[in-house]
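Make a model of this:
(one chain, ligands or ions: 2)
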Amino acid sequence: MNTPPDAPPANDPDLGWTEDGLPRSGRFGDLYFSAQDGLAETREVYLRGCGLPEAWRGRQRFTVGELGFGTGLNVLALLDLWRRERPPGATLHIFSVEAFPLKVEDARRALGHWPELGELSQTLNERWPPRTPGFHRIDFPAHHAVLDLAVMDVADALEAWGGRADAWFLDGFSPATNPQMWRDEVLTLVAARSAPGARAASFTVAGAVRRGLAAQGFDVAKRPGFGRKNERLEAVFSGVAPPEPKPGRVAIVGAGIAGASLARAFRALGQEPALYDREGAGAGASGGPAALVTPRFDAGGGVIADLFAQAFDRAVTLYRQDAPGAVLRSGVVQLEHQDRDARRFDQVAAQTLWEPGAVMRLSPDEASQALGEPVARGGLWLRDGLAIEPLGVLGAWLSDVRQVRGDIARIERVGELWRLLDAGGQVVGEAETVCLAAGWGAVALIPDAPLTPARGQASLVTGVSCPTPFAWGGYVVPTRDGVLIGATQDRGETATDTRPADNERNLESLARTTPALADLIGGAPIEGWAAIRAITPDRLPLAGALASGLFVLGGLGARGFTAAPVLAEHIAALATGTPSPLPSALAARVHPRRFPR
Ligand SMILES: Cc1cc2nc3c(=O)[nH]c(=O)nc-3n(C[C@H](O)[C@H](O)[C@H](O)COP(=O)(O)OP(=O)(O)OC[C@H]3O[C@@H](n4cnc5c(N)ncnc54)[C@H](O)[C@@H]3O)c2cc1C
Ligand SMILES: C[S@@+](CC[C@H](N)C(=O)[O-])C[C@H]1O[C@@H](n2cnc3c(N)ncnc32)[C@H](O)[C@@H]1O
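Ligands and ions are numbered 1, 2, ... in the order given. The predicted structure follows:
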């Protein structure tokens, strides 16, 4: 197995430590926080500077943006205030930007100065995001707060962010040492991403920053500074925040992984959705005995690679965090299948999308060792790939959700509401927000849905084991008492009967890849499991708004368990007017109306 490179990544912060144990950026030649008392400074400059906690009084949602995440100290001070002063039932969104992320061990050392941040520091440390480019979400469920960290340059991050901040912490090293952080382009984007009446605070009162903010519509004032600093900056954006929209009822149609992910995401935002399914949880494609959670690769990089890297990371995090009992195995081998895969996999393993060690190239010998029998080709080791029990995930995410048995034939708009009607025209339910998560069933509900069906059958064999989950064109997933071998793919077919001939096809494919395992299975009894995948013309999901208050999460194809969790959070964010975890280019790529009609 190739070893992770020792060289630091291109976005390494070049961190050093002062004699007093304070973190110092070698890249910028500046300290991350005040030598006097960083936490007290943060509270004075940023929390007080943004008028907190008064500014969030009476609010159900509040969003704070930060330029310069650094050690996470400002964010922890904010969370510490939030846990003490949270308006009942409210949720906090934090969006922070960091081009040169710290390693977790360095952040732990830096934050060790403040034992009073205890449990919050520990949660941040345990959930410290990867240092790879992209948006990374960290949950603080005990405090109804979520942090989206954008690992990229500040202008790219603000450009990509779909949220509107109620408060800004402008903390990007001094403008003299780091003019990039304070350039006009950045301040223009700060204004564009500000809610009316937003507050901004900074340690710097540099003339260029004050003038820049004023030119963007901020009313800027100098205030007495903290410690040895004479002054700090406070600013208020023009406009008056409109009254918060009242959260309406949410109905979800379909109780597969899409519906369960939506229910989880809405509940994390304090909403209690009702879930409608004609047969019950797991009746469709999400009810198989086991499933793999792996990304779709794009060796050329770009939006598709970014989308699946983020979706994969989020799915793995959420299954481990919120459905740990459903995780069967960690670590998946992806075998080369075609001649071109060797080069493709070299490129994939070299992508900066993965943390060191997360996606590693395997030689044929190493792949043989992992699989426990000789294989002719090499592959990739996906350290964080998972084998999961789908029904375990659905059970965990739906246990407290109101579930209604109902076959929805039609949806109609009545005033501000959407009505769900059955085939007899009876109203089965109504809600201000409806999310269609009906898998292949969506074609009956969305007249012009760009979906085609693909029947798939997987084959379950008990009493056999294999050392690790692996995939080629097919896959083998160890279950609790056997293995699942998948899966056929028949475009255009919608029948879900199980067929001995399809089990044969799965075994033949297995025999060509790992003949010893196929021999072991030999004449053992095989059970088939068949369902229908819903596939879009570009094989990317549908996730977004179809009309005001009407959303779809579908077209999940062969990777629903990877894609659904983050896309559901995107939809829940759109529906509640909270910041999406998806950068805008990724959101555009999965928009349900992207195909010409
Ligand atoms: C054989 C096979 C193996 C697979 N293996 C994997 C794998 O290893 N990893 C992976 O990520 N993906 C895998 N997939 C793909 C994955 O199963 C799908 O992407 C995913 O399950 C789709 O989830 P969904 O929630 O969109 O749809 P579904 O799971 O199909 O759920 C839709 C739900 O909507 C309900 N419904 C439909 N219409 C209506 C209506 N009108 N009214 C009320 N309810 C309705 C249905 O009863 C159903 O419960 C596999 C698929 C197959 C077929
Ligand atoms: C003063 S430190 C922030 C301290 C931080 N708020 C804390 O609580 O520890 C400034 C941060 O801005 C980051 N930074 C500098 N230039 C940047 C840029 N162009 N884009 C994004 N982040 C940048 C630095 O890497 C550094 O972490």
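
For the stretch 1-150 of the chain, give me the ranges with low pLDDT.
1-6 (pLDDT under 70).

and what of the chain?
Checking the chain against pLDDT under 70 turns up 1-6.

Get me the contact residues on it for ligand 2.
13, 32-33, 68-74, 97-100, 153-154, 171-173, 178, 180-181 (Cβ under 6 Å from any ligand atom). (C-beta placed from N, C-alpha, C; glycine too.)

Could you tell me which of those belong to helices?
Judged by DSSP state H, the residues of the chain next to ligand 2 include 73-74, 154 as members of helices.

Phi and psi next, for Leu362.
phi -110, psi 130 (degrees, to the nearest 10).

can you check the one 3 residues further on too?
Backbone geometry at Asp365, expressed as degrees, to the nearest 10, gives phi -60, psi -40.

What is the neighbour count of it?
Asp365 is flanked by 12 other residues according to other Cβ atoms under 10 Å.

now swap in Glu373 and tell me
The burial count for Glu373: 17, using other Cβ under 10 Å.

residue contacts, it?
514-517 (Cβ atoms under 8 Å, 6 or more residues apart in numbering).

Show me what from the stretch 101-250 of the chain comes close to ligand 1.
Counting by Cβ under 6 Å from any ligand atom, the stretch 101-250 of the chain has no residue next to ligand 1.

how about the strands in the stretch 101-250 of the chain?
134-140, 145-151, 165-170, 194-202, 218-224, 231-237, 250-253 (DSSP state E, counting those that start in this stretch).

For Leu386, find the nearest of these.
strand 134-140 (17.6 Å; Cβ to Cβ).

which parts of stretch 184-201 are buried?
186-187, 189-191, 193-195, 198-201 (16 or more other Cβ atoms under 10 Å).

Pick out whichever of these sits closest to ligand 1.
Ligand 1 has its nearest neighbour among the buried residues of stretch 184-201 in Arg193, at 31.9 Å by Cβ to the nearest ligand atom.

how near is the closest one to Thr433?
Applying Cβ to Cβ, to the nearest Å, the value for Arg193 to Thr433 is 24 Å.

coming back round to it: buried subset of the ones in helices among the residues of the chain next to ligand 2 as a ChimeraX selection?
One line in ChimeraX is enough to select the buried ones among those; burial here means 16+ other Cβ under 10 Å:
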select :73,74,154
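
which residue packs closest to whatever residue of the stretch 451-597 of the chain ends up closest to ligand 2, ignoring adjacent ones?
Relative to ligand 2, the nearest point of the stretch 451-597 of the chain is Pro583 (14.6 Å; Cβ to the nearest ligand atom). Nearest residue to Pro583, sequence neighbours excluded (Cβ to Cβ, 6 or more residues apart in numbering): Ala160, at 3.6 Å.

Correct me if wrong: the one you found contacts Ala587.
No: contact criterion Cβ atoms under 8 Å: Ala160 and Ala587 do not qualify, at 9.1 Å.

For the two, indicate the residue with more neighbours.
Ala587 (20 against 17).

hmm, who's touching the strand or helix carrying the more buried one?
Ala587 is part of helix 584-589, with elements assigned from DSSP states H and E. Contact with helix 584-589 is made by 159-162, 303-304, 306-307, 310, 540, 543-544, 570, 580, 594, as judged by Cβ under 8 Å, 6+ apart.

which pair in the contacts of Glu373 spans the largest distance?
Every pair of the contacts of Glu373 checked by Cβ to Cβ; the farthest is Pro515 and Leu517, at 7.5 Å.

What residues are bridge-paired with the residue of the stretch 51-200 of the chain found nearest ligand 1?
Residue nearest to ligand 1 within the stretch 51-200 of the chain: Arg137 (19.5 Å; Cβ to the nearest ligand atom). Beta bridges link Arg137 to Asp148 when assigned by DSSP bridges.

quick one: it and Pro583 touch, right?
No: counting by Cβ under 8 Å, Arg137 sits too far from Pro583 to count as a contact (11.9 Å).

out of the two, which sits in the busier spot?
For Arg137 and Pro583, the more surrounded residue by other Cβ under 10 Å is Pro583, and the numbers stand at 24 against 19.

any idea how far Ala258 is from that one?
21 Å.

What of Asp277?
From Asp277 to Ala258 the distance is 11 Å (Cβ to Cβ).

out of those two, which sits in the busier spot?
Ala258 (36 against 25).

so the more buried one, which of the three states?
helix (DSSP: H, G, I helix; E, B strand; the rest coil).

who are the neighbours in contact with the closest residue to it other than its chain neighbours?
Leaving aside its chain neighbours, Ala258 sits nearest to Ala437 (3.6 Å; criterion: Cβ to Cβ, 6+ apart). Taking Cβ under 8 Å, 6+ apart as the contact definition, Ala437 lies against 252-256, 258-259, 262, 552-554.

which among these gets closest to Gln403?
Relative to Gln403, and with distances defined as Cβ to Cβ, the nearest of the contacts of Ala437 is Ala255, at 6.7 Å.

Looks to me like the closest one is in a strand.
No: looking at Ala255 with three-state DSSP, it is coil, so not inside a strand.

who's in contact with it?
275-277, 280-283, 394, 398, 403, 437.

Check Asp12 too.
So Asp12 contacts Phe100 (Cβ under 8 Å, 6+ apart).

Now do it against Arg223, distance only.
Taken as Cβ to Cβ, the span from Asp12 to Arg223 is 35 Å.

do the same with Thr132
Taken as Cβ to Cβ, the span from Thr132 to Arg223 is 38 Å.

Which of the two has more residues huddled nearby?
Thr132 (21 against 15).

And that one, how far from ligand 2?
15 Å (Cβ to the nearest ligand atom, to the nearest Å).

What residues does the stretch 351-500 of the chain have near ligand 1?
407-408, 437-439, 441, 444-445, 456-458, 486-487.

same thing but 8 Å
390, 406-409, 437-442, 444-445, 454-458, 475, 477, 486-488 (Cβ under 8 Å from any ligand atom).

quick revisit: compare the contacts of Ala437 and tell me which has the most neighbours.
In those, the most neighbours by other Cβ under 10 Å go to Ala258, 36 neighbours.

For that one, list the residues it contacts.
With Cβ under 8 Å, 6+ apart, Ala258 has these contacts: 286, 437, 439, 553-554, 556, 560, 564, 567-568.

let's go with 10 Å and repeat that
Applying Cβ atoms under 10 Å, 6 or more residues apart in numbering, we find Ala258 in contact with 252, 284-286, 435-439, 442, 534, 541-543, 552-556, 560, 563-565, 567-568, 571.

next one: Val209
Val209 neighbours (Cβ under 10 Å, 6+ apart): 170, 172, 174-175, 181-182, 187, 200, 202, 220, 233, 235.

Repeat the analysis, applying 6 Å as the threshold.
Residues in contact with Val209 (Cβ atoms under 6 Å, 6 or more residues apart in numbering) are 175, 182.

show me where the stretch 351-500 of the chain has helices.
364-371, 390-398, 442-445, 500-513 (DSSP state H, counting those that start in this stretch).
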